[in-house]
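# Below is the sequence, then the predicted model.
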Amino acid sequence: MDVGEAKDRIEAAFGLGELSSGAYSGAWAATAGRDVLECRTPIDGRLLGRVALAGEDDYQQVVGASVQAFREWHRIPAPERGALMAAVGAELAAKKADLGLLVSLEAGKTITEGQGEIQEAVDVARLAAGLGRQLYGLTIASERPDHSLREYWHPLGPVGVVTAFNFPAAVWSWNALLGAVVGDSMVWKPSSQAPLTAIALTRLVNGVLQAQGAPPIFMLLVGGGRTVGERLLEDHRLPLISFTGSVATGRHVAQVVAGRLGRTILELGGNNGAIVTARADLELALKGVAFGALATAGQRCTSTRRVIVHAGVYTDFLARLGHVYRMARVGNPLEDGTLVGPLIDRPAVASFLDALERVQAEGGRVVCGGEPETVPGCEGGHYVRPTLVEVDPTCRVPLEETFAPILYCYRYQSLDEAFAIHNSVPQGLSSAIFTTDLREAERFLSAQGSDCGMANVNTSTAGAEIGGAFGGEKETGGGRESGSDAWKAYARRVTSTVNYGYELPLAQGVSFPV
Ligand code: NAD
């Protein structure tokens with residue numbers, strides 16, 4: 001599809017072409033007198049829309065409204081909140097084609113990836129709908145006669161959600177829709193590189209709530225990280241800040257929020273490795289590694305950045321991978337057949353080139369790629385050739401997350417060596433092993449194997465399902481979102497002891513003879 005055609009379609013669906021308000025508190029703030037952000041697509045640099053940024057008064061209005069909204073929302077029974085999330089999911093599904101296209105335009109994703117992101121939000125809404133009847137706590141055996149011991153999970157309050165540019169819809173949905181079913185209200189600060197998706201989603205979800213007679217709870221603040229973002233971190237009215245972004249920013253977020261003894265969920269950078277053993281199905285491994293490394297032009301937190309290949313199959317595997325890389329079509333992600341779209345901006349291209357220069361200075365060998373790419377018709381975009389680099393474990397640059405399609409290739413002899421290389425990076429998000437050997441697979445999944453929050457066998461490091469908990473260890477920050485029992489992070493746990501007898505026996509056999 002042509003960018004102009006896509007833009008017209010988005011304009012018809014969402015009316016974002018003029019100046020849009022970036023602050024929502026139950027009503028949209030005025031646009032006059034605010035700084036204005038120009039939103040351009042990374043595909044060809046074309047202007048998509050303009051957003052009036054939230055100012056100081058808007059900030060107070062929005063956070064104040066989220067406190068009010070929480071008071072009303074958390075009193076709605078959870079199954080009803082779940083039913084409202086089902087309605088949100090239905091509306092997201094109905095608008096999937098247009099919302100997905102907006103994601104593609106703003107973040108530079110292929111059509112299928114943009115659609116997939118909205119499908120992920122639909123799936124989370126459905127999960128939230130079911131959870132509305134499954135917000136369970138434990139009953140625990142009491143050591144005292146005629147006592148019961150149990151725990152409750154209560155709504156936490158208004159939650160601050162700060163998101164990265166690369167998943168402008170999915171990451172919001174993990175937080176917002178699960179937080180909502182638990183009973184929380186939300187203040188969302190999206191990335192300034194993807195605010196239009198945030199505005200469209202905010203209109204849509206609050207519209208659903210209002211149509212059902214429920215209060216709007218999904219507040220929005222589009223503004224700078226160092227201004228609006230920083231205010232959220234310091235704001236005592238927000239007991240939880242869920243932050244998705246780079247390790248550098250996340251480290252700061254953790255310190256500021258901990259300084260006021262607030263809670264954080266941190267979803268930070270990854271540096272994901274895939275091990276290809278001598279017993280791998282090499283065709284399957286090739287597909288899994290290529291998808292993980294090339295999809296979203298290497299701009300997923302779960303992108304495969306390192307492949308660690310057994311020496312016995314290394315030459316063969318690298319030759320096949322090199323072929324895929326040379327054939328991979330780089331270009332307009334709206335066109336059929338494109339595998340690798342643009343990087344988000346010019347500094348991202350500079351980071352790509354800088355990493356390659358430094359890794360070569362320490363002995364890395366570029367196998368293919370390594371340079372920017374000019375895409376006819378998209379000269380204002382930011383394209384690079386996907387790149388394979390042969391390295392050894394002494395190289396330091398592969399320990400960093402470079403948000404670009406660079407895949408570092410290692411050769412190993414023993415599985416222990418592969419695990420050591422794999423776990424040598426400071427991040428710990430996702431990981432994979434490709435093998436048909438049960439012993440190798442199980443060792444990878446055991447405590448001696450991958451040190452990441454997600455460990456996969458015979459599938460990519462990227463492309464997680466929403467049913468499992470998503471997140472990582474070490475510098476990835478330890479947060480978990482999406483499925484499993486991740487909803488508990490948006491709740492406060494209350495442990496309750498009830499004495500239904502006539503005596504006052506004390507725990508641990510303590511006596512207190514009054
Ligand atoms: P980034 O750290 O530059 O920005 C993330 C968000 O933080 C943006 O909304 C930004 O405006 C905001 N921000 C910046 N300074 C702030 C401050 N002082 N206070 C509060 N907020 C502030 O990240 P990015 O470039 O947008 O995204 C890419 C990074 O995100 C990569 O490292 C990627 O791995 C990571 N990411 C992680 C996950 C995950 O689930 N683990 C998912 C997506 C992206």
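Received, thanks.
# The nearest residue to Gly471 once chain neighbours are set aside and the ligand: what is the separation?
Nearest residue to Gly471 in three dimensions, chain neighbours excluded: Arg480, at 4.1 Å (C-beta to C-beta, 6 or more residues apart in numbering). C-betas here are computed from N, CA, C, even on glycine. According to C-beta to the nearest ligand atom, to the nearest Å, Arg480 and the ligand sit 10 Å apart.
# can you check Arg411 too?
Separation of Arg411 from the ligand (C-beta to the nearest ligand atom) stands at 26 Å.
# Any idea what that residue is bridged to?
The partner list for Arg411 in beta bridges (DSSP bridges) reads Val309.
# Could you tell me which residues of this structure lie near the ligand?
By C-beta under 6 Å from any ligand atom, the residues of the chain that approach the ligand are 162-167, 171, 189, 191-192, 225-226, 229-230, 233, 244-246, 249, 252-253, 267-270, 301, 401, 403, 429, 476.
# which ones among those are found in strands?
If you go by DSSP state E, the residues of the chain next to the ligand have Val162, Lys189, Thr244, Glu267 in strands.
# And those, which is closest to the ligand?
The ligand has its nearest neighbour among those in Glu267, at 3.2 Å by C-beta to the nearest ligand atom.
# right, and the closest one touches Thr476 too?
Yes: with contact defined as C-beta atoms under 8 Å, Glu267 reaches Thr476; the gap is 7.3 Å.
# Those two: which is more packed in?
Just comparing Glu267 and Thr476: by other C-beta atoms under 10 Å the higher neighbour count belongs to Glu267, 30 against 27.
# quick one: contacts for the closest residue to that one other than its chain neighbours?
Spatial nearest neighbour of Glu267, chain neighbours left out: Thr244 (4.2 Å); criterion: C-beta to C-beta, 6+ apart. Counting by C-beta atoms under 8 Å, 6 or more residues apart in numbering, Thr244 touches Val162, Thr163, Ala164, Phe167, Val171, Glu267, Leu268, Cys301.
# list the buried ones in the lengthiest helix in the chain?
In the chain, assigned by DSSP state H, the helix with the most residues is helix 111-131. Buried residues in helix 111-131, counted by 16 or more other C-beta atoms under 10 Å: 111, 113-129, 131.
# Could you give the average pLDDT over that helix?
Averaged across helix 111-131, the pLDDT comes to 98.
# counting contacts, what elements does it pack onto?
helix 78-94, helix 96-107, helix 170-182 (3 or more C-beta pairs under 8 Å, 6 or more residues apart in numbering; DSSP states H and E).
# the inter-axis angle of it versus helix 170-182?
Inter-element angle recorded for helix 111-131 and helix 170-182: 10 degrees (by axes from the mean of the first three to the mean of the last three C-alpha atoms, to 10 degrees).
# what packs against the helix or strand just after helix 111-131?
Downstream of helix 111-131, the next assigned helix or strand under DSSP states H and E is strand 139-140. Other elements packing on strand 139-140 under the criterion 3+ C-beta pairs under 8 Å, 6+ apart are strand 147-155.
# then the strand it packs on to PDB, C-alphas only?
Presented in PDB, the C-alpha positions along strand 147-155 are these (Å, rounded to 0.1, in the frame of the first residue of the first chain):
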ATOM      1  CA  HIS A 147      -9.500 -19.100  63.100                       C
ATOM      2  CA  SER A 148      -9.400 -18.600  59.300                       C
ATOM      3  CA  LEU A 149      -6.600 -17.100  57.400                       C
ATOM      4  CA  ARG A 150      -7.000 -15.900  53.800                       C
ATOM      5  CA  GLU A 151      -5.800 -13.300  51.400                       C
ATOM      6  CA  TYR A 152      -7.600 -10.700  49.200                       C
ATOM      7  CA  TRP A 153      -6.400  -8.900  46.200                       C
ATOM      8  CA  HIS A 154      -7.800  -5.400  46.100                       C
ATOM      9  CA  PRO A 155      -7.500  -2.700  43.500                       C
END
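# Packing partners of it?
Here strand 147-155 is seen to pack against strand 139-140, strand 491-499 when contacts are counted using 3+ C-beta pairs under 8 Å, 6+ apart.
# neighbouring strands for the shortest one, and are they parallel or not?
Within its sheet, strand 139-140 is paired with strand 147-155 (antiparallel), according to DSSP bridges.
# Tell me how many other residues crowd Cys368.
Neighbours of Cys368 (other C-beta under 10 Å): 17.
# Let's verify Gly160: helix, strand, or coil?
The three-state label given to Gly160 by DSSP: H, G, I helix; E, B strand; the rest coil is strand.
# Tell me the spacing between it and Ala328.
According to C-beta to C-beta, to the nearest Å, Gly160 stands 39 Å off from Ala328.
# swap in Gly15?
36 Å.
# With Asn499 instead?
68 Å.
# cool, Gly449 as well?
Taking C-beta to C-beta, one finds Gly449 at 30 Å from Ala328.
# Run through the helices of the stretch 301-450 of the chain in chain order.
Along the stretch 301-450 of the chain, the stretches classed as helices by DSSP state H, counting those that start in this stretch are 311-327, 346-361, 415-422, 438-445.
# tilt between the third one and helix 438-445?
Angle between the axes of helix 415-422 and helix 438-445 is 30 degrees (criterion: the same axes, to 10 degrees).
# For the contacts of Thr244, work out which two are farthest apart.
Greatest spatial distance in the contacts of Thr244: Val162 and Cys301, 14.4 Å, computed using C-beta to C-beta.
# so how far is the ligand from Leu356?
Per C-beta to the nearest ligand atom, Leu356 is found 18 Å from the ligand.
# and the residue nearest to that residue when sequence neighbours are not counted, what does it touch?
Distances taken as C-beta to C-beta, 6+ apart put Gly370 closest to Leu356, at 5.6 Å, once the chain neighbours are dropped. The contact partners of Gly370, taken as C-beta under 8 Å, 6+ apart, are Leu356, Arg385, Thr387.
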